[in-house]
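Peer 1: Model the structure of this input:
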Amino acid sequence: MLSRKNAQPLERKLTVAAALIESSDPSKRKISKTERFLNRSGACALRRQHNPSDRSRLTPGDLITTVSGAAAANEGLEKSASAIISTLKLESSSFVQSSKALVSALDEVAKLHPFVGAAVLVFTTAINLIIKRRENDGKVLALNVQMRDMMSTLLLLKNLTKPEASAEAQNEMTIESRLGGRMSAMVDSMKDCSKVCDSYNKHRVVLKILTSSKWEHKFAAISKQFATHAAKLQDDLAMYSSIGINAANQSLAALSNKMDEVMATVFKTFQSAEERQIGALVASKGGSEKVAGDNAALEQLLNKQKELDDGPGKRSHAGEMTVSDLRKDMRKDVQAVLDENARAFGQKFELQQRQIAEEMKNAVFDARDEIINAVLAGPYERVEDEDMRAIWKEMGWKGSVKARHLVLAMHDYFTEQGKMAPPASNEQLSTKTVTQSDEWALEYISITRIQPLIEALDDDVSSFVTIAEVNAFTRARPDGWSLPYWIAYNTVGVELSLNYYYHRINQLHLATFEASKHALTANRKAVNEFLCSPYINAMDEVISGIQDSVVEQSIDWDSDPLFLKFKSYIMSEEKRMRDILEALDFNIDDESTLRLISDTHRPERYLLPILSILLDHCLYVVEDASKIILPEDGLSLIDDSIETLWTAISSRAQAMNGEYINILAVPKANFSQRSSGCRISTAVTRCQDTAMAW
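Peer 2: Just a heads-up that it's a prediction; the model follows:
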């Protein structure tokens with residue numbers, strides 16, 4: 001508690017610090033939310049000191065929207081915990097957008113000060129793994145909000161410009177020498193945070209409840225590290241600038257003292273509906289400690305977990321778990337859980353980091369493009385492809401358009417272009433306009449093939465296509481392909497790919513079944529369990545569900561003229577996915593990993609290729625089963641990967657069904673109007689309705 005005589009000097013210091021921080025670069029830098037909170041909470045504390053009867057509280061607008069800010073709350077602010085958490089929820093909801101903006105700003109800092117580049121890359125990787133998950137635990141988002149707040153401190157480096165004098169190199173080295181160790185420590189903390197979040201996200205809900213206190217302590221420990229790094233980093237930077245933030249640093253350094261209390265509140269407040277239901281059941285049985293010794297209560301919890309897990313897109317882990325398994329997992333400390341997940345997480349993190357390093361210009365994190373586009377003359381200027389821009393401009397569309405209207409306009413545009421197609425020269429073969437070499441493609445830009453193209457453009461199944469979706473569609477085009485060529489692939493090429501993988505998967509099933517007959521006695525149980533897996537059976541039913549739409553095996557995939565136009569791209573995509581799966585040891589542990597393999601929300605586009613690769617690897621393992629004793633997880637990891645595929649495609653099917661109510665009425669004879677997404681979605685839904693009650 002501050003003494004009365006020290007209150008006024010500290011208040012003045014905080015006021016001066018706030019003014020200096022806010023004025024450091026007003027045109028480019030938004031003041032840190034932690035700094036705002038410290039100033040407001042300090043003022044609140046001083047008011048309380050001068051007038052103990054003052055029970056006023058901070059307004060929601062005064063509250064920090066990060067965990068670090070919440071941790072700084074003193075006794076007076078604790079009574080406002082609900083308001084803090086409410087604001088934190090709002091901050092978590094905008095986590096993706098604000099994180100992308102920060103990454104873009106940090107990229108600029110790294111250009112000025114390259115020694116922070118490693119920390120920025122690790123932060124970007126960790127954020128990207130969070131973004132790629134379809135669903136994130138609220139507590140995980142809260143922890144990542146604080147990591148983001150810590151990294152925002154690096155924006156202060158934008159004010160440390162390089163001097164023009166010859167002392168430049170010496171001065172820059174001095175900054176780098178002082179901050180180098182801090183950067184390394186921040187990198188370690190962020191990697192630990194990402195590993196903890198990955199492991200916690202995978203935890204079953206029943207385990208999250210029964211081991212809640214262990215995870216609270218781990219989350220709090222990482223929160224303390226972030227708060228400490230931010231305080232020390234600001235202290236280091238104060239030596240090289242005129243920013244008077246020492247007073248703010250004193251408050252920031254004290255954040256760690258409250259982290260345990262804040263995380264307890266976060267864990268209590270940021271519970272999912274499933275966690276609340278299981279938590280209520282645990283409480284009714286006398287609490288976690290009493291439940292841990294009651295087999296009947298644990299069995300009841302597992303049954304409740306299974307009940308909650310049933311349904312489309314749910315992973316039914318609990319149905320595979322016994323009371324003995326649950327007890328075993330409850331006895332593990334957090335570090336043991338992290339160690340078990342270390343290899344899978346390390347592979348995923350390294351792969352994501354490598355992808356980001358190779359594609360730093362990826363538009364998903366390029367907020368600068370959005371700023372530039374916002375000031376251009378018309379919305380059509382934001383369309384990158386020349387042909388699509390011409391269509392957008394001619395139709396006078398704004399930021400989005402109905403998917404069907406866009407596809408019809410594309411059909412009319414390229415039909416007109418085809419009538420005026422010039423002879424193709426060597427230079428024209430790689431251009432975007434229609435030439436005689438593209439005339440074959442115009443046949444497949446037709447009204448009867450409208451649905452597959454709508455799917456390709458309307459990624460979120462909203463029935464509207466935005467400029468961003470158009471740009472994503474055209475960017476995905478292979479080098480050397482014209483836009484009509486790419487459109488033809490999305491209308492007929494994808495259908496041919498579906499046929500190709502359908503027959504290939506059936507062949508792999510038969511070969512695997514034959515190979516299983518020769519498995520060693522020691523391996524037969526594992527092989528039989530895999531072949532009888534509910535997820536293998538589910539995928540069999542999905543494949544069977546699209547049987548009516550595929551052509552007979554009579555197609556020669558090595559000589560069919562139309563398939564050969566797309567084969568090189570189909571095979572190159574398969575090789576890319578196979579290389580990634582090999583790097584991951586064929587372990588697709590969750591949907592964020594799945595997104596690393598194919599960065600799209602549309603699993604119907606990658607379901608069959610990935611399933612084919614997994615079954616090909618499965619055949620290799622089953623063939624080995626006749627020669628060697630298989631490792632314990634030799635086939636179970638493949639089954640887990642297929643389960644992840646099933647979860648993704650089930651969720652997608654649920655989203656797509658409403659879109660296809662009318663299309664499903666199309667007669668079976670006219671499959672050109674029934675896209676691969678429609679057919680796979682329908683097959684999955686039928687499978688769920690008839691047989692998936694695991």
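
Peer 1: C-alpha from now on. contacts and neighbour counts both.
Peer 2: Will do.

Peer 1: Domain map for this protein?
Peer 2: As given by automatic domain parsing, the domain ranges for the chain are 4-271, 380-475, 483-691.

Peer 1: Which of the ones you listed comes out lowest on mean pLDDT?
Peer 2: Per-segment confidence across the domains of the chain bottoms out at domain 4-271, which has a mean of 68 in mean pLDDT.

Peer 1: Could you report the neighbour count for Ile613?
Peer 2: 20 (other Cα atoms under 10 Å).

Peer 1: That one: what's it in contact with?
Peer 2: Ile613 is in contact with Arg578, counting by Cα atoms under 8 Å, 6 or more residues apart in numbering.

Peer 1: helix or strand for it, which one?
Peer 2: With secondary structure defined by DSSP states H and E, Ile613 is part of helix 607-624.

Peer 1: May I see the buried residues of that helix?
Peer 2: Along helix 607-624, the positions that meet the burial threshold by neighbour count (16 or more other Cα atoms under 10 Å) are 607-619, 621-624.

Peer 1: what do you get for stretch 478-498?
Peer 2: 482-498.

Peer 1: mind checking the longest helix of the protein?
Peer 2: helix 168-202 (DSSP state H).

Peer 1: Show me what the helix or strand following that helix is packed against.
Peer 2: As assigned by DSSP H and E, the chain's next helix or strand after helix 168-202 is helix 205-210. Packing partners of helix 205-210 (3 or more Cα pairs under 8 Å, 6 or more residues apart in numbering; DSSP states H and E): helix 273-284, helix 295-309, helix 323-331.

Peer 1: Columns mean pLDDT on top of those helices, output as JSON lines?
Peer 2: As requested, these are exported to JSON lines (pLDDT from 0 to 100):
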{"stretch": "helix 273-284", "mean pLDDT": "88"}
{"stretch": "helix 295-309", "mean pLDDT": "85"}
{"stretch": "helix 323-331", "mean pLDDT": "88"}
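
Peer 1: would you turn those helices into CSV with distance to Arg182?
Peer 2: Conversion of these to CSV gives the following (distance: least, Cα to Cα, whole Å):
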stretch, distance to Arg182
helix 273-284, 37
helix 295-309, 43
helix 323-331, 35
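
Peer 1: Please point out which parts of the helix or strand where Glu394 lies sit buried.
Peer 2: With elements taken from DSSP H and E, the one containing Glu394 is helix 386-395. Under the neighbour-count criterion of 16+ other Cα under 10 Å, helix 386-395 has 387-389, 391-393 buried.

Peer 1: Export only the CA atoms of it, formatted as CSV.
Peer 2: Once non-C-alpha atoms are left out, helix 386-395 reads as follows in CSV (Å, rounded to 0.1, in the frame of the first residue of the first chain):
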residue,chain,number,x,y,z
GLU,A,386,-7.6,-8.2,-64.8
ASP,A,387,-10.6,-10.2,-66.1
MET,A,388,-12.4,-10.3,-62.7
ARG,A,389,-11.7,-6.6,-62.3
ALA,A,390,-13.3,-5.9,-65.7
ILE,A,391,-16.4,-7.9,-64.7
TRP,A,392,-16.6,-6.2,-61.3
LYS,A,393,-16.3,-2.7,-62.8
GLU,A,394,-18.8,-3.4,-65.7
MET,A,395,-21.4,-4.7,-63.2
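
Peer 1: circling back to that earlier point, Serialize the helices and strands packed on helix 205-210 to JSON lines and add fields for distance to Glu591 and mean neighbour count.
Peer 2: Below are the helices and strands packed on helix 205-210 laid out as JSON lines (distance: least, Cα to Cα, whole Å; neighbours: other Cα atoms under 10 Å):
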{"stretch": "helix 273-284", "distance to Glu591": "20", "mean neighbour count": "16"}
{"stretch": "helix 295-309", "distance to Glu591": "17", "mean neighbour count": "18"}
{"stretch": "helix 323-331", "distance to Glu591": "23", "mean neighbour count": "14"}
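
Peer 1: so Ser516 makes contact with Val622?
Peer 2: Yes - under the criterion of Cα atoms under 8 Å, Ser516 lies in contact with Val622, with a separation of 6.0 Å.

Peer 1: quick check, Asn587 in a helix?
Peer 2: No - assignment of Asn587 by DSSP: H, G, I helix; E, B strand; the rest coil gives coil, placing it outside any helix.
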